[in-house]
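Undergrad: Sharing a sequence plus its predicted fold:
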Amino acid sequence: MSDSPQDVYAKHLLHAGYGYPLRIPEPRSTLPDYYQDSGLQVGDVGTVDRDGQFDVLFNIYKCKDNLLHDRRGVPKNFQPIKLQGDINSRDNVIPPRPIHSRGIERILESNKQSSVDYEFKSSVPAGAILILPHGAKSQQLSSPEQLREVATKSALDWYEFAQTHCDVRHHDRSLYLVTGFYKTPSWSLGSFNDPASVEGTIQARKDGNSYLLDFTFVADHRRSCPDGDTMTFNQTVFITGFKITISSWLSDPVVLRVTESETPWSILARLFKACLNWLPDFSSGYKQHGPISVEHKPSLSQPFHPSDIINRFLLSKEPNAKVAITHDSDWMDMLKGGLTHEELLHEDSLGMFLAKHYSISVDSQSENTTVFLQGKADDTMNSVSSIVDPRDSSPELEFLPPTPTLDNPWIVITSTHPFFQHPWICLTSALQIFVLKIYSLTSSGCQSAFMF
């Protein structure tokens, strides 16, 4: 099973620093009309499906008889809570502009003399782009930590409700409690994941209230209705909140098969195999010829999310805990602090990073023993700012791009030998070794036959 479009899109726009990206920003058509008009709201509890759309189950601030709860009802022991603190609203917090992943470079600005409004060059096999013609507004709960206790006490009831009434039966599914979001009236987005297409261009043409995207390679792309209302900010492009995971819902994935797909560079490496085998460092060190695909069981029913990885890590360290809760601000700060996506996926690297910047806290006061992260008081990680390309207004962190074909967030297979970090290095080094070996054999009068 390969990465879904939502997986690819989310992985490559996490670094933007606004929260978790949604590939389908539109409100679900099953929501009441007033929810259709406003979009997601603070206090919504739900899930993100594999397509990248948020499915609202209920809202912790709304009464039982609210129109939102007519179709599904509310969980057992549900009592609406009173909003404490403020919801901070900001207009134009994201200005009208493109946001894109690293490896995509803008080569043409909006120009009346050109047939396109934007043009980008991609030099990576996987990436994502989001264009907001009218920018985005945000709402954020000023003190989201107040909701951790609410989620801790109610987590099991919420999960039972999700299983019974909402057909959420997959054991790897976690619940989302929304504490903030970014909304826009119009958008255009796309993502791609094709190891065979390293270079290409992306063009954006204004069409009504959104942009029509044109890729020179295979890509998934969507846009809002070109004739939509530009004054209704009900399309949610990023969300922030708590991810809630129940330990009993986690089953250990079992790897069924690991396969390798060859690329031109892997074929080249194979041709020089005999040469490389003469060197002790390479005789047993070269394990990976091409992108690795992992087939596992059970298959994951929800898209990639960093908080799910952290929650699973926390539950593995605290086996007596029933619930793990992580806020999106935790992994956002980790990325700003220098943690790469690969390190996030690797338990040892993640553990070392957490040990340096966080402590693992356990709340056992209620029957739902909960584990969560707590930042260290003397930590200065939050002062680290993102690295921004001066030619591009999109925020960009200096990080290694996620492995394009990785579809299981609990399994990481990497090849870290510096010889294979870049194909041109591979080619140049292999040729040098080959020539030197031929010269050595010729000088000593030896004759050898090379069998490939």
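TA: That came in fine, so what should we check first?

Undergrad: what pLDDT does the closest residue to residue 129 other than its chain neighbours get?
TA: Spatial nearest neighbour of residue 129, chain neighbours left out: residue 100 (4.3 Å); criterion: C-beta to C-beta, 6 or more residues apart in numbering. (C-beta placed from N, C-alpha, C; glycine too.) Residue 100 carries a pLDDT score of 96 in this model.

Undergrad: next one: the one 10 residues further on
TA: We have a pLDDT of 60 for residue 110.

Undergrad: Could you check which helix or strand contains residue 115?
TA: Here residue 115 sits in a region with no helix or strand, counting by DSSP states H and E.

Undergrad: need the contact list for it.
TA: residue 205 (C-beta atoms under 8 Å, 6 or more residues apart in numbering).

Undergrad: what's the distance between it and residue 214?
TA: 11 Å (C-beta to C-beta, to the nearest Å).

Undergrad: Give me the common contacts of the two.
TA: residue 205.

Undergrad: Count the residues that sit near the residue nearest to residue 129.
TA: 25 (other C-beta atoms under 10 Å).

Undergrad: and if you look at residue 376?
TA: Neighbours around residue 376, by other C-beta under 10 Å: 12.

Undergrad: thinking it is in contact with residue 358, fair?
TA: Yes: Residue 376 is within contact range of residue 358, at 6.4 Å (criterion: C-beta atoms under 8 Å).

Undergrad: right, and the residue nearest to residue 129 touches residue 124 too?
TA: No: distance between residue 100 and residue 124: 10.6 Å, which falls outside the contact criterion (C-beta under 8 Å).

Undergrad: per-residue pLDDT, residue 257?
TA: At residue 257, pLDDT is 41.

Undergrad: what do you get for residue 189?
TA: So residue 189 comes in at 98 (pLDDT).

Undergrad: who are the neighbours in contact with it?
TA: Contacts of residue 189 (C-beta under 8 Å, 6+ apart): 9, 23, 128, 129, 130, 131, 213, 221, 222, 223, 237.

Undergrad: Is the residue nearest to the second one when sequence neighbours are not counted in a helix, a strand, or coil?
TA: Okay, so that is residue 23. The shortest distance from residue 23 to any non-neighbouring residue, by C-beta to C-beta, 6+ apart, is to residue 52 (3.0 Å). Classification of residue 52 using DSSP: H, G, I helix; E, B strand; the rest coil returns coil.

Undergrad: bridging residues for residue 136?
TA: Residue 136 has these beta-bridge partners by DSSP bridges: residue 94.

Undergrad: Show the model's pLDDT score for it.
TA: Reported pLDDT for residue 136: 97.

Undergrad: show me what contacts it?
TA: So residue 136 contacts 92, 93, 94, 182, 183, 184, 233, 237, 238 (C-beta under 8 Å, 6+ apart).

Undergrad: Measure how buried the last one is and give me the count.
TA: The local packing of residue 238 (other C-beta under 10 Å) involves 25 other residues.

Undergrad: State the distance from it to residue 370.
TA: From residue 238 to residue 370 the distance is 26 Å (C-beta to C-beta).

Undergrad: Am I right that residue 135 is in contact with residue 94?
TA: Yes: using C-beta under 8 Å, residue 135 is in contact with residue 94, at 5.3 Å.

Undergrad: what's the burial count for the residue lying closest to residue 248 once chain neighbours are set aside?
TA: Nearest residue to residue 248 in three dimensions, chain neighbours excluded: residue 322, at 7.3 Å (C-beta to C-beta, 6+ apart). Other residues near residue 322 come to 20 when the count uses other C-beta under 10 Å.

Undergrad: Sweet, I'm off.
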